[in-house]
Structures are given as C-alpha cells and as structure tokens.
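Participant: Starting from these lines, generate the structure:
(chains A and B)
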Amino acid sequence: MNGKINMRKVFFAVVIAVLISLIVGCDKGIEPEPANSTTPGVTGFSGTVTFVGSWPAGIKRTHLVVFKNLLKDSSDFFPPNLSFVIDSIPNGSSKFTYNSVDNNFISIFKIAPGDYQYIVVAQSKTPTLSLARKDWFIVGVYCIGNNQSQPATMTIQDGKMTTGVDVKVDFSNPPPQPPGG
Amino acid sequence: MKKLSLIFLLLASISVYAQQGSLKGKVITDKNELLEGVNVVVSGTQYGAATLSDGSFEIKNLPFGNYSLEISLIGYSKKKINIDFNSATKPLIIVLTEEPIQARQIVVSATKYEQRIQDLPVSTTIIQPDFIDKNNYLTFDEMLQNVPGVQMNLEQPSIRGSSGYSKGTGARVLVAVNGIPMYSGDTGDIVWELIPMADIERIEIIKGPASSLYGSSAIGGVINIITKSSVKNPITHFRTYFGTYDNPAYDIWKWNGNLRTFYGVELTHSNTVGNLAYTLSFKKFDNMSYRQNDYAKRYLGYVKLNYDFNQNDKLTFFADFLNMDRGNFLYWKDSRNALVPKDEDNGNTVESNRLFTGLIYHHHFNKNMFGEIKTSYYYTKFDGYGIELTESVANLFRNELMLNAVLSNEWITTVGVEASYSKVSSNIFMNPKFFGGGTYFQAEYKGIENLIANFGLRYDYMKLDTLNSANAFTPKAGLNYKLSKDFILRASVGTGFRAPTPSEVFTTVGVGGGIDVKQNPNLKSETSISFEAGARYDYSDDLSFDLALYQTEYNNFIEATLTKDAKIQFINLSKARIQGLEFTLDWRLIPGLIKISSGYNYMWARDLENNAPMKYRPRNVVNARLQYTPLPFEFEINFRYASRVEAIDEALTQPPLALVVDGDKRVPIYVTDISAGYNFLIGSVPAKVFLNAKNIFNYNYVEFIGNIAPIRNYSVSMEFFF
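Facilitator: Numbering: from 1, shown residues only, chains lettered A, B, ... in the order given. So this is what the prediction gives:
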C-alpha cells in the first residue's frame, strides 16, 4: 500500500461523508404547522334531543353518539369511527339540550373538523360504559326530514359551532338498527 | 589553521562519543495504566529494552546523541519519538494509545462463558468504551443509537425490530452487568443512567433471542456490559463535560430565552491493596434540556470490589446507586409548540431512587471446570407527581448458579439454575409478588474440523401473584463453520419469551374522561422463534464484512389498547413477522490513522393479523462512522439514517382521541455528529479534551410521536488520569 493510494482512499471517504452530510443537511425535517389565519373559536356542535313516548324499563344510560361513518359491522361501533359521546341523558327526560363543549362525556375525545355521517341517540342497559355494539339499541337518528332511515351528515368546521343537530326520539317508532347488534 | 580546527573538532567529537549514560523512562497508557513488556528500541542501533511490571525501562550505556526511539506493544499504536540524549536528559514518560481491538482478538462472555467472537453462531457486536467518551454520549442509550441493528424508541431498545414503544412497561432486550440482568421489579424497564459508564471494559450486543440462556426479557437480544478488571496501580480518573443546546430551528419553537445547558462531573478511583482491588466512583450529571419540563438532575454512586482469595477463587461485589429528579415530557403541545409539553403534563415530575447490587463468586475447580454464583438485589422507588400521585417500590432478588466444564477437546458444556423473587408495593400496580425459577443447559461441540455446533435448552417457571403459573421452554441451536481462516458461515435458530411485567398485568389508574387502565389477569407471555444465517469475511486484518439474513416470528405481542368496555388494557394482540438483512463493514483504510465502520439494516416488519406494518419499525437504517486519528489529535464523524416509520400509534394521533396534536408528523431521520479530540500530558498526567457537536444540521425528527429528538448541541469534555 503506497502513500498515493492511501490519499485517494482518504479523499474518497471524506468526499462521500461530506456529500452525504450536505445532502441531508439541507432539509430541516419536521416543520411547525402554519399559523391559523382565522381567529380561533370554539369547534363543536350543539342541539336538542326530544323524546316522545314512554321510556323503556331498565335503561341505565342514554347518550348521543357521533360516528364518522355509517355502521357496517360491530367493529364500527368503536374508535376511531366512534368519534364523540355526549353526557348521559337523565332517564325520563322529555327534552335535553346539549353542546359538545359542556357535555363531553369522554373528556379525552375531541371532535375534529370534517363530516360525520351517523349521529344517533343510543340506549344501554349496562351499568358502566361499554363500547360493544351488542350492548346498545339505537332509539333516534339525526336525519333528513323525519325519515330516520336517511341519516343526515353533520359538518364540523374548525373554530365554529355547528348548531341545530337535533334528534327526535319516538320510543314507539324506533329507527332501523344497524348491523352488529 | 584549518588543520588545527579539524583536529579540534575531531577530538571534540571523540570526546562526546565517549560520553554515555542510561536512558530511563516509563511507558503508560492514555489512561495512566502502567504497561509491561513494551519494546523500546533505539532506531538503527542494537540498543533497546523492555518495560518491567511498573512500566519502567532503562537502556544502559547509551552514548549521548540524537536518536529516534521506537516504542511498540501489541494492541497499541506504535510510537516514534526523537530525543536529544545527554547528561541532562530526564526520565521519559511515553504514552501509548490502545488500538481498536481486531475482531479476531475479541472474546465474548454474554454466552455465559468466554468465546471468541468468530466462533459464535449469532450476530454479535462489541462496543469499546472509548466510543462513549470520545463522543460524549450523555447516557448509555444515546450511544446505542449508533450501533447497527439497534434502534432506540425514546428510552426503549429494539434489536432488529424487537420492540415498538410502550412507555415504562417491560423491555424486550435484556441489559445485564457482568451477566446479571438489570430490569426493575415493577415495570421491567431499563434505567440507562444507572449504568456505571466509568467502569466499562466492553459492551457485548447479541442480536437475536437469548431466552435460552437468560430467560424472560431476552426475547430480542442481550446487551451485556462487562466491567473493567482490577488495576495494578492506583488510578484516579476525573472527567467533566459541559454543553449547551443551540436555538431551535424555528423561532416559534423558542420557549425560553435562557441558555439551555447540560454538564457532568465524574470522579473515579481504582486501586489494588493486597488481594483486594476496588473502584469507587461518584458522578453528578444534570441536563436543563432543550424542552420545557424535561430537566434531569442525577447523582450516581458506584463501588466495586474484587477479592482474589487465591488463583482459583475470586469474589466480585458491585453496588450502584442512582438518585434522579426529572421532568416528565412525553408529548408536545402541538407542532407549533414542539418543545413544550401538553398543558396537562406541564409540571409533572418523577423522583426516583435505585440501588442495584451484584455479588459474583467465581471458582475454578480445575483447569477444565469453573463455577459461578451470582446474587443480585435491585431496589427501585419512584414517586410521580402530576394530577395524581403515582408511587411504586419494588425489591427484586435474583440468584444464579452456573457450572462450565470442558469435557474433552470436543465438548464444552454449561449448566445453570436461577431463581428470582420480587415484591412490589404501588398505588398503580397493586402489591403483587413474583417468583421465577429457571434451569438451562448448553453444549458446544467441536468434533468436526472447522465446525462448531452449539445447542441449548432452558426451562422457566413463573408465578405472578394470584395468576396461574406459567412455563416456558426455550431451545436454541447454532452452527459455525469456517470455510477458511477468513471466511466464516453461521446459522442459528433460537426461541424467546417475555413474561408480562407486574405493571402490564396489574396497572389500575384513571387517565381521565371515564377512561381507566385496567388490569388483565389473563395476560400471557410473548413468544418468538428466530432464524439467522450469516457470513463473515475478513479480507485482511484491516477489512472485514459481515452479512446476516434473519427472520423472527412473534406471538402474543403485549400491547396497550382501548378495549370494547372503554378501558385501556394490556392484551396479547398480534402475530408478527420481522424479516431482514444486516450488512456491516469495518475498514481501516490506513491502519492506526483512518477507519470506517458502517452498517445497513433492512427490515420488513408486519403485523400478520391485520396485514399491516408494525409500529415504529423503520424499513431502512444506515449507520456510518469515520475516524481519523493523527495522534495526538482524533476526529470522528457519525452519521445515522432511518427511513420514515410506516406505522405509529394512530389511535393517539387521530380523532376522536387526538391525544397528540400533529402527532402524525414524522420524517426520515438524518443525524450527523462530529467530534475532535486532543491527547496531551500535564506533567506526567495523561489528559484528553474533546469537542463535540451533535445533530450538526439541527435536523428535527421524532423517534416517537410528538417528541422531538435532541436538537443541535455542543459540548466540551475533559479527562485526566492521575
């Protein structure tokens, strides 16, 4: 091994190292999200649930529940498709006014901007909260007109409160039950 | 007149030539260790000497004059010095620097007895402690990032993808000090700050399951830290460093106008008195951190005693105590506040005390048989201050008896039994007790020329409090075949398991919003089976290659998940398969001057049940290290690349939980570190000073969601060996 060859190897190695470093050094990696140009407001939704008829016996909890997409099987009754749960509505209520800020039952859940296709009022006879589809019965749907078989889509916009997400529950006329029950 | 001058000069030179004396001196290492058997030769003459046990030499009857001395000893860089030898010449102090050990010389003991690295059937990497010092790695885990095949997810090690991330709940790589496992009794995690960095002789990393020797937790591999052997003369080592973080890459990330600094002071003294050798060390190391509520204040005390009863009986005792007070930064607030924690976490702190002790009695029955008794005790206590006070105290006792026998030229066997017991007292893990017992056997057969066959089996029994007891059998087998002296093939199959830790089974704590973590008494052990085929080729003493193909199948992976009853619970989740290849290269372009070490790891990690990539496993990882050592100067560049991980904990980053805002932000990792050092003498005291710049391009990346890795920082470290 003579000195000339060594120097070539050294030069070669250093050039490669410097080139790699320079190439990758130009990128700063993770960047902060751009600032929101609009004044931040409260993101959420609100509305009223009205009840018609007699409450069924044995009900332990009644919640308004928001799903991202329609329920196609039992696994859809679960995060991330299950997107928000409103506080339990007292048994025997005839009207319940809510908003997602004051009535967020699972406080670590946040409603994100976007479209939500299935908003329902569901009842359960389990004493503690269950996220298993089989434990729930749908008694009311946020829908187009009064047609409970045609769920309406709720749109949440960043920094805005979507109002009028009203659901009518008629215990004598329950909506079609989604799969998995 | 000219004739007279010539005669005068001739007489004068004869007179000078006739004067002679003894050239004396001492040869030491750059760590002030006395070197015996060093050849000190006067170039171009017959004069020379070898150093004695106290490092001294004397070359007698050397005529005065100018000379060149050559000083050499195997394992150390050869040195040449010029001297003007005369009656006023004082005794010389010559410092030799250790050369990196060549692969062929490395001995590994992570397999429970000493084997040459080229005889092993599994991939193994050896790290020398100077790698830590020269690069001023603040903690042990920071260093591991630069080892091919090893990845750190925050503080959790992963060898060839063995682990994703689950904070503080059980490691899938076993870390041991002198073969004694160092996992805590409650969470089973590793506290890297506890490792006595000042007393490391070498670090052995076995890549692949080693449960057949070490039982639970070695499912992904073993990192065995070997402490230094006894010194012959007293040595005091003082090391200090000071550093500061640069400004963040974006002004919006500045959260504090103060200089964010880190520093450490470490004093270690070693000596031998009669048959007793001891090492005492004290270290204080603080870090203000580049992030809010991420500070760390730490004290580490370490003592080690070696007592040689006679040639056959040795006793080693070590104790390691760590006091730590630190902030608890886990997730950023959002990407615009990347160095600030979530509001609800801000102000959360953890105070902890840990004591890790080990006692090893080593007895040679005869030249072919030895035994060891290893006893250890690990005390851990932490208090977490946040919305709720979390506390845990764990006491873990462990005993092991091992016998190794060379039965013949063909057979070497190792057998052992071990038992461990732990008791936990905690307001979040309940108060469980754990008992584990295991017995193992391994044999090495060398009866066929150039072939070494190795096989072993371990049985473990585990009983975690009220849970049903569990058993595990973990066999292994391996082959090592030397096609030639320079070309070695290896193949192995190994099994691994990891028993659930008390924290995974018994954790019960509210995390808010009606969501609780709940215990899972039905949790089973994780298991794995792994295959590896590899080849090592030593083209020359200065150039070697290693290639390994590997596959590991995991069953019953333990992961935290949101269950249908709206609880967070550790459950046995998925079947997984990891396949990959690893290539490493070590090349001394100019021996003693320039060296390149590099590694490439390709990994295909799939969750088989969901047919999805496994979380936090980069598909491509490259490590490269370039060293340039024109002594007394030393320069080094370390580069690391990891491709963007395909899968993360999306449940934490996506609505409805969206626990980590902007948590899906992740990029490939490119990190470049540089260091420059100077070795010198202050009087007769060897000293080193190193300048380091880490992440020199201030590249922002995460190893875990919402958790920016260290930004650019600079430090200076100094070492003195008295």
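
Participant: Mind giving me the packing neighbours of the helix or strand where B:Glu204 lies?
Facilitator: Assigned by DSSP states H and E, B:Glu204 belongs to strand B:200-207. When contacts are defined as 3 or more C-beta pairs under 8 Å, 6 or more residues apart in numbering or on different chains; DSSP states H and E, strand B:200-207 sits against strand B:124-127, strand B:221-227. To be clear about C-beta, it is placed using only N, CA and C from the backbone, and glycine gets the same treatment.

Participant: so what strands line up beside it?
Facilitator: Partners of strand B:200-207 in the sheet, by DSSP bridges, are strand B:124-127 (antiparallel), strand B:221-227 (antiparallel).

Participant: where among the helices and strands packed on strand B:200-207 is the average confidence lowest?
Facilitator: For those, mean pLDDT drops lowest on strand B:124-127, to a mean of 88.

Participant: Quick check, pLDDT for the nearest residue to A:Ser88 once chain neighbours are set aside.
Facilitator: Excluding the flanking residues, the one nearest A:Ser88 by C-beta to C-beta, 6 or more residues apart in numbering or on different chains is A:Arg61, at 4.7 Å. Looking at A:Arg61, its pLDDT is 91.

Participant: Looking at chain A, which strand is longest?
Facilitator: strand A:44-52 (DSSP state E).

Participant: what comes up buried for that one?
Facilitator: A:Gly44, A:Phe45, A:Ser46, A:Gly47, A:Val49, A:Thr50, A:Phe51 (16 or more other C-beta atoms under 10 Å in any protein chain shown).

Participant: Neighbours of the residue nearest to A:Ser88, how many?
Facilitator: By the criterion of other C-beta atoms under 10 Å in any protein chain shown, A:Arg61 has 21 neighbours.

Participant: got the contact list for it?
Facilitator: Applying C-beta atoms under 8 Å, 6 or more residues apart in numbering or on different chains to A:Arg61 gives the contacts A:Ser88, A:Gln123, A:Ser124, A:Thr126, A:Leu129.

Participant: List the ones among these that fall in helices.
Facilitator: With helices taken from DSSP state H, there is no overlap with the contacts of A:Arg61.

Participant: now the residues you listed in TSV, with neighbour count and distance to B:Ile203?
Facilitator: Below are the contacts of A:Arg61 laid out as TSV (neighbours: other C-beta atoms under 10 Å in any protein chain shown; distance: C-beta to C-beta, whole Å):
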residue	neighbour count	distance to B:Ile203
A:Ser88	18	56
A:Gln123	23	60
A:Ser124	20	55
A:Thr126	13	53
A:Leu129	19	49
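
Participant: Which pair of those residues spans the longest distance?
Facilitator: A:Gln123 and A:Leu129 (12.6 Å; C-beta to C-beta).

Participant: Can you tell me the centre-most residue of the chain?
Facilitator: If you meant another chain, say so; for now it's chain A. Among the residues of chain A, A:Ser83 comes closest to the average C-alpha position under C-alpha atoms, centre = their mean, at 2.3 Å.

Participant: hmm, I had chain B in mind actually
Facilitator: Geometric middle of chain B (C-alpha atoms, centre = their mean) lands on B:Ile203, at 4.9 Å.

Participant: Contacts only, for the residue lying closest to that residue once chain neighbours are set aside.
Facilitator: Ranked by C-beta to C-beta, 6+ apart and with sequence neighbours excluded, the top spatial neighbour of B:Ile203 is B:Ile127, at 4.0 Å. B:Ile127 is in contact with B:Met143, B:Val147, B:Arg202, B:Ile203, B:Ile205, counting by C-beta under 8 Å, 6+ apart.

Participant: any idea which of these is the one closest to B:Asn555?
Facilitator: B:Ile205 (24.4 Å).

Participant: Against chain A, how distant is that closest one?
Facilitator: 24 Å (C-beta to the nearest C-beta, to the nearest Å).

Participant: so where is chain A shaky, pLDDT-wise?
Facilitator: In the predicted model, chain A carries pLDDT under 70 at residues A:1-14, A:17-26, A:36-40, A:181.

Participant: Looks like B:Ser352 contacts B:Phe321 (just checking).
Facilitator: No. At 11.3 Å, B:Ser352 does not count as touching B:Phe321 under the criterion of C-beta atoms under 8 Å.

Participant: got the residues of the stretch 101-250 of chain B near chain A?
Facilitator: B:Ala249, B:Tyr250 (C-beta under 8 Å from any C-beta of the partner chain).

Participant: Which residue ranges of the stretch 101-250 of chain B form helices?
Facilitator: Taking DSSP state H, counting those that start in this stretch to define them, one finds helices in the stretch 101-250 of chain B at B:130-135, B:140-144, B:211-214.

Participant: and the longest one, how far out from the chain's middle?
Facilitator: For helix B:130-135, the separation from the chain centroid amounts to 11 Å (computed by C-alpha atoms, centre = their mean, to the nearest Å).

Participant: Would you mind pulling up the elements that that helix packs against?
Facilitator: helix B:140-144, strand B:633-642, strand B:669-682, strand B:685-694.

Participant: The ones you listed: which one's closest to B:Ile448?
Facilitator: Here helix B:140-144 is closest among these (C-beta to C-beta), at 36.8 Å.

Participant: Residues touching that closest one, excluding its own?
Facilitator: For helix B:140-144, the surrounding residues in contact (C-beta under 8 Å, 6+ apart) are B:127, B:131-132, B:135, B:137, B:150, B:152, B:155, B:157, B:192-193, B:195, B:197, B:223.

Participant: For the nearest residue to B:Gly301 once chain neighbours are set aside, give its distance to chain A.
Facilitator: Closest residue to B:Gly301 apart from its sequence neighbours, by C-beta to C-beta, 6+ apart: B:Phe321 at 4.5 Å. Going from B:Phe321 to chain A by C-beta to the nearest C-beta gives 38 Å.

Participant: Am I right that B:Phe321 falls within a strand?
Facilitator: Yes. Assigned with DSSP: H, G, I helix; E, B strand; the rest coil, B:Phe321 falls within a strand.

Participant: dump the residue contacts of A:Ile138.
Facilitator: So A:Ile138 contacts A:Val120, A:Val121, A:Ala122, A:Pro174, A:Pro175, A:Gln177, A:Pro178 (C-beta under 8 Å, 6+ apart).

Participant: List the contacts of B:Arg202.
Facilitator: B:Ile106, B:Ile126, B:Ile127, B:Gln128, B:Pro129, B:Ile226.

Participant: among the helices of the stretch 101-250 of chain B, which is the most enclosed?
Facilitator: helix B:211-214 (a mean of 26; mean count of other C-beta atoms under 10 Å in any protein chain shown).

Participant: What's the mean pLDDT across it?
Facilitator: 81.

Participant: Give me every residue in contact with it, excluding its own residues.
Facilitator: By C-beta under 8 Å, 6+ apart, the list of residues contacting helix B:211-214 reads B:111-112, B:174, B:176, B:181, B:218-219, B:222, B:440, B:442, B:456-458, B:460, B:472, B:474-476, B:494-498.

Participant: List only buried entries from those residues.
Facilitator: Judged by 16+ other C-beta under 10 Å, buried ones among the contacts of helix B:211-214: B:111-112, B:174, B:176, B:181, B:218-219, B:222, B:440, B:442, B:456-458, B:460, B:472, B:474, B:476, B:494-498.

Participant: Number of residues surrounding B:Trp587?
Facilitator: Quick note: B:Trp587 (other C-beta under 10 Å) scores 17 neighbours.

Participant: Quick check: which element contains it?
Facilitator: strand B:576-590.

Participant: now do A:Val15
Facilitator: helix A:3-25.

Participant: now B:Val199, nearest residue through space, not along the chain?
Facilitator: Small correction: residue B:199 is Asp, not Val. B:Thr227 (4.6 Å).

Participant: correction: B:Thr236
Facilitator: Nearest to B:Thr236 is B:Phe722, by C-beta to C-beta, 6+ apart, at 4.1 Å.
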